[in-house]
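coordinates for the following, if possible.
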Amino acid sequence: MSTEDPLDTVVTVTGTAFDDHAGAVIERDGRRSVYITDLPYWPEEARGRPVEATGTLRSRRLGPEPTVSDDGIVTHGMGGGERLTLDDATWQLLD
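Next up is the predicted model:
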């Protein structure tokens, strides 16, 4: 997958499998991470290992923006806008 891949197309992403509060993610060398839709976490045998996933590339919000109330209480959220996701993804270990 390159940075020029258009959204709503089927792409293949390679990187390292990690878990995030928002779900399973593939971290790519120096490029934006990609979340795997409907995969809440990687199986233990995949975590920290090289993986390849193929699915439909999308961009969406994965959680609400954090807010601050009048009395200074910060709500939990996921700042930073939209994230790249792979819908209907299939994946495999690379090593």
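
check which helix or strand covers the spatially most central residue of the chain.
By C-alpha atoms, centre = their mean, the chain has its centre lying nearest to Tyr35, at 1.5 Å. Taking DSSP states H and E as the definition, Tyr35 sits inside strand 31-36.

direction included, what does the helix or strand that that strand is followed by pair up with?
Once the chain leaves strand 31-36, the next helix or strand it forms, by DSSP H and E, is strand 50-60. Next to strand 50-60 in the sheet, as set by DSSP bridges, lie strand 10-20 (antiparallel), strand 83-93 (antiparallel).

excluding chain neighbours, give the residue nearest to Pro40 in space.
Gly23 (5.4 Å; C-beta to C-beta, 6 or more residues apart in numbering). Backbone N, C-alpha and C define where each C-beta goes, glycine included.

if you could redo that for Glu52, that was the one I meant.
Glu52's closest residue in space is Thr14 (C-beta to C-beta, 6+ apart), at 4.7 Å.

so where's this protein uncertain?
Where the chain drops to pLDDT under 70, the residues are 1-5, 64, 77-79.

give me that answer again for 50
Scanning the chain for pLDDT under 50 picks out 1-2.

just want the phi and psi numbers for the residue of it positioned farthest from its centre.
Farthest-out residue of the chain from its mean C-alpha position, per C-alpha atoms, centre = their mean: Asp71, at 33.0 Å. Here is the backbone geometry of Asp71 (degrees, to the nearest 10): phi -100, psi 10.

what's near enough to touch it?
Asp71 makes no contacts at all, as judged by C-beta atoms under 8 Å, 6 or more residues apart in numbering.

the one 3 residues further on now?
Under the criterion of C-beta under 8 Å, 6+ apart, the contact partners of Val74 comprise Pro66, Thr67, Val68.

for the last one, name its beta-bridge partners.
Partner residues in beta bridges with Val68: Val74, with DSSP bridges as the criterion.

that one: how many residues sit nearby?
9 (other C-beta atoms under 10 Å).

so how far is Thr85 from Val25?
Applying C-beta to C-beta, to the nearest Å, one obtains 9 Å for the distance of Val25 from Thr85.

between the two, which contacts overlap?
Common neighbours of Val25 and Thr85 (C-beta under 8 Å, 6+ apart) are Val34, Tyr35, Ile36.
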